[in-house]
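1. 3D, please:
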Amino acid sequence: MRWVSIPLLAITSIVPALALTPLAEFSVSRYHGRWYETEGRGRALEPDLPSVLKVTFVHQLGIWWYPFGRSQTVIAAGPGNRWLVIADPSLRYGRVIAREPMLDPESLRAVAAALANEGYDRCAFVLKPQSGGREQLTRLCDEVR
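-> All right, here's what the predicted structure looks like:
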């Protein structure tokens with residue numbers, strides 16, 4: 001199955017996160033696959049806490065280079081594994097990966113709520129254009145009014 005990446009790029013944030021709340025029920029193996037815009041790979045840092053990942057986008061010489069990756073935390077997932085919210089502990093950026101190029105309004109509200117619960121500024125996140133989806137940049141807070 002093909003994954004679609006709907007990056008949410010944080011424009012500003014200066015307050016670091018003390019700790020993110022990892023998703024309790026998570027299995028990284030359910031989310032393997034190709035993403036629409038960005039291809040990367042994540043693996044659990046601790047087997048007992050599989051929603052805390054080391055994520056890398058560096059793939060050279062046929063291997064994934066995790067030393068160049070970042071620790072990120074899955075903080076929310078959509079029904080039927082349709083989307084994930086992946087957050088960085090710095091609160092400076094996050095990413096949503098989804099199986100469709102554009103999330104429905106209910107899913108966007110759930111994404112925005114998950115980000116707000118962790119201390120992210122929803123207006124600092126931008127939904128990027130995707131083929132078959134959004135045609136222009138939109139701030140997340142403008143989409144979920």
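
2. helix/strand/coil for residue 123?
-> Secondary structure for residue 123, judged by DSSP: H, G, I helix; E, B strand; the rest coil, is helix.

3. so it makes contact with residue 144?
-> No. Using Cβ atoms under 8 Å, residue 123 makes no contact with residue 144, being 10.3 Å away. Backbone N, C-alpha and C define where each C-beta goes, glycine included.

4. tell me which of these two has more neighbours.
-> Neighbours were counted for residue 123 and for residue 144 using other Cβ atoms under 10 Å; residue 144 has more, 16 against 13.

5. that one and residue 93, how far apart?
-> 18 Å (Cβ to Cβ, to the nearest Å).

6. cool, residue 109 as well?
-> Distance from residue 109 to residue 93, counting by Cβ to Cβ: 20 Å.

7. which of the two has more neighbours?
-> When residue 109 and residue 93 are compared on other Cβ under 10 Å, the one with more neighbours turns out to be residue 93, at 19 against 14.

8. do you know how far the more buried one is from residue 47?
-> Relative to residue 47, residue 93 is positioned 26 Å away (Cβ to Cβ).

9. helices of this structure, start to end?
-> 105-117, 140-143 (DSSP state H).

10. Serialize the ones you listed to JSON lines and add fields for mean pLDDT.
-> Listed next are the helices of the chain as JSON lines, based on pLDDT from 0 to 100:
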{"stretch": "helix 105-117", "mean pLDDT": "94"}
{"stretch": "helix 140-143", "mean pLDDT": "91"}
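
11. could I get the ones you listed in JSON lines, plus columns for distance to residue 21?
-> Formatted as JSON lines, the helices of the chain follow (distance: least, Cβ to Cβ, whole Å):
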{"stretch": "helix 105-117", "distance to residue 21": "7"}
{"stretch": "helix 140-143", "distance to residue 21": "19"}
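
12. any idea what sits nearest residue 123, other than its immediate chain neighbours?
-> Of all residues not flanking residue 123 in the chain, residue 141 sits nearest, at 4.0 Å (Cβ to Cβ, 6 or more residues apart in numbering).
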